[in-house]
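**Student:** okay, predicted coordinates and the sequence, questions at the end:
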Amino acid sequence: MLNTNSEGLYDEIMLVIRAFDAENEDFTHYFSCSCGKFLNSIEYNGEFYDFEEEYKAENDLIFKRLAKRSAKSAFYKVLSKFKGDLPWGALTGIRPTKLAYTEISSGGDYKKLFNEMRVSEENTALVARILNAQEGVYKKGGQDLYIGLPFCPTKCDYCSFITAPIEKTRIYLENYINCVIKELNSVKPYLTDLRSIYIGGGTPFVLENSQLTPIYAAINALFDKKTEYTVEAGRPDVFSDEKLKAAKEYGVTRICVNPQSFNDETLKKIGRKHTAVQTIQAYEAAAKYGFDINLDLIAGLADETPEDFEKSLKTAIKLNPANITVHTLSLKAGAKLKEETKKLNVNGIGEMISISRKLLTQAGYEPYYLYRQKYQAGGLENVGWAKPDKACVYNIDTMEEITSNVAVGANAISKRYFSDEDRIERYAAPKDIPTYINKIDEIIAKRNKLFG
């Protein structure tokens, strides 16, 4: 239990405590500031630890940010003394690269900051590689368009999305598609500088081709120039040549194939109804149409060993996709895995991520975006890797939060980016599909207000 005299620091400190699985341990914290110095005094395991740090804050916003950073750093130093270092040190945010950009824009040195926050040298170097890979793509302003189709063949054990098996949601499909098209017809005035389009899921290809093409047509009415256009087609058991052909004809440039593993036994354990061979067949079918293809893998699934993960990774590399995304397994609210597991201890997870960095680099891929999640195995991260000139604009824009995201569909979160103030305002549509359908006019009105 944490007792602190500063309510404003409680949540930030708890992020560090949780990272060390120390929620059930007792801490007393006293925070003060005077004469340009922060003082953090911590009682833990019957000992007292005092940390004094100078600071300069031009305004209240910077003061609060530096105070949080100071408190987290103090707790990290105490806990790491007893429990060892974490790969990302005292950094608890989901966007380390965004923090690096913030430091650079304010004239600071993010590498110095990362060192002070005890980030490993390997992870600081990873961030440097990502910033380098984003050169020429990273650009503030403009818009990205997201369309959410939250339907899947079945729900995987690790999944926390609002998706449900298609047989349980099929009754809503016709009305849902009509609502998505109605939304799309309303957003054209906001798309003055469209950078990318992304149809996500769920598993969009679980829809029939006759259901997908009206959505493609509504999207195509919104833009008149070639734009990065991604469909997260998803699981290979829903692919067909007809769907791939239609996607190509409507201007789709990128397809995501999500095997997660090329181990058939693992696929059974996580609730998948396809085989590794089907994934390879789906990939080869998509490749014939010239799409840039992304393959997703998850490290830490279903008791896999580093050797199991390495086999999947080598299979993915052999296929030679434009992008490979390596996720680290995480416990997420709403996922069956989180309901069954209190803590996420994955043997060899660090070795799996180390293998991915080594083999992908050797194969000519560069890391180009990164994000972290709560309750992630080993305190690690998710990284997108790309061949030269194949970085996904949508992923960079959304992870760095440098553009407006016009989002359509249930549980879609629209974000308006004010570049002159470097801030974001959000509007989230209802998660529940029937509620989304019943409130479609209200949803459109609220998004109009956000962007109007």
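**Tutor:** Thanks, I have it. Numbers count the residues shown, from 1 in each chain.

**Student:** where does this protein have low pLDDT?
**Tutor:** The model of the chain has pLDDT under 70 over residues 154-165, 332-344.

**Student:** show the contacting residues for the residue nearest the centre of it.
**Tutor:** Nearest residue to the geometric centre of the chain (CA atoms, centre = their mean): residue 371, 5.3 Å. Shown in contact with residue 371 (CB atoms under 8 Å, 6 or more residues apart in numbering): 94, 95, 381, 382, 399. From N, CA and C alone the C-beta is placed, and that goes for glycine too.

**Student:** ok, the closest residue to residue 408 other than its chain neighbours to residue 194 distance?
**Tutor:** Nearest non-adjacent residue to residue 408, counting by CB to CB, 6 or more residues apart in numbering: residue 183, 4.3 Å away. Distance, residue 183 to residue 194, using CB to CB, to the nearest Å: 16 Å.

**Student:** picking that back up, between the contacts of residue 371, which is nearest residue 147?
**Tutor:** Using CB to CB, the shortest approach to residue 147 within the contacts of residue 371 belongs to residue 399, at 18.5 Å.

**Student:** what's near enough to touch the closest one?
**Tutor:** For residue 399, the contact set (CB under 8 Å, 6+ apart) comprises 95, 97, 98, 369, 370, 371.

**Student:** out of these, which is most surrounded?
**Tutor:** Per-residue neighbour counts (other CB atoms under 10 Å) across those peak at residue 369, which has 26 neighbours.

**Student:** that one: what secondary structure?
**Tutor:** strand (DSSP: H, G, I helix; E, B strand; the rest coil).

**Student:** from residue 81, how far out is it?
**Tutor:** Going from residue 369 to residue 81 by CB to CB gives 33 Å.

**Student:** what do you get for residue 146?
**Tutor:** For residue 146, the distance to residue 81 - CB to CB - is 44 Å.

**Student:** neighbour count for the two, which is higher?
**Tutor:** residue 146 (21 against 13).

**Student:** pull the number of nearby residues for residue 328.
**Tutor:** Residue 328, neighbours per other CB under 10 Å, totals 24.

**Student:** I should have written residue 140 there, sorry.
**Tutor:** Counted with other CB under 10 Å, the neighbours of residue 140 add up to 14.

**Student:** that one should be in a helix, yeah?
**Tutor:** No - under three-state DSSP, residue 140 sits outside any helix and is assigned coil.

**Student:** mind saving the C-alpha coords of whichever strand or helix holds residue 416 as PDB?
**Tutor:** Here residue 416 sits within strand 413-418, counting by DSSP states H and E. Extracted in PDB, the C-alpha atoms of strand 413-418 (Å, rounded to 0.1, in the frame of the first residue of the first chain):
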ATOM      1  CA  ILE A 413     -11.900   7.200 -31.000                       C
ATOM      2  CA  SER A 414     -11.600  10.400 -33.100                       C
ATOM      3  CA  LYS A 415      -8.800  12.700 -32.200                       C
ATOM      4  CA  ARG A 416      -8.400  16.300 -33.300                       C
ATOM      5  CA  TYR A 417      -4.800  17.500 -33.200                       C
ATOM      6  CA  PHE A 418      -4.200  21.200 -32.700                       C
END
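
**Student:** tell me what it is packed against?
**Tutor:** For strand 413-418, the packing partners by 3 or more CB pairs under 8 Å, 6 or more residues apart in numbering; DSSP states H and E come out as strand 404-408, strand 423-428, helix 440-451.

**Student:** can you map out the helices along the stretch 201-350 of the chain?
**Tutor:** For the stretch 201-350 of the chain, the helices defined by DSSP state H, counting those that start in this stretch occupy 209-220, 241-249, 264-269, 276-287, 306-319, 336-340, 349-362.

**Student:** can I get those in CSV with distance to residue 228 and mean neighbour count?
**Tutor:** CSV is the format used below for the helices of the stretch 201-350 of the chain (distance: least, CB to CB, whole Å; neighbours: other CB atoms under 10 Å):
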stretch, distance to residue 228, mean neighbour count
helix 209-220, 13, 17
helix 241-249, 14, 17
helix 264-269, 30, 16
helix 276-287, 16, 19
helix 306-319, 21, 19
helix 336-340, 32, 14
helix 349-362, 22, 18
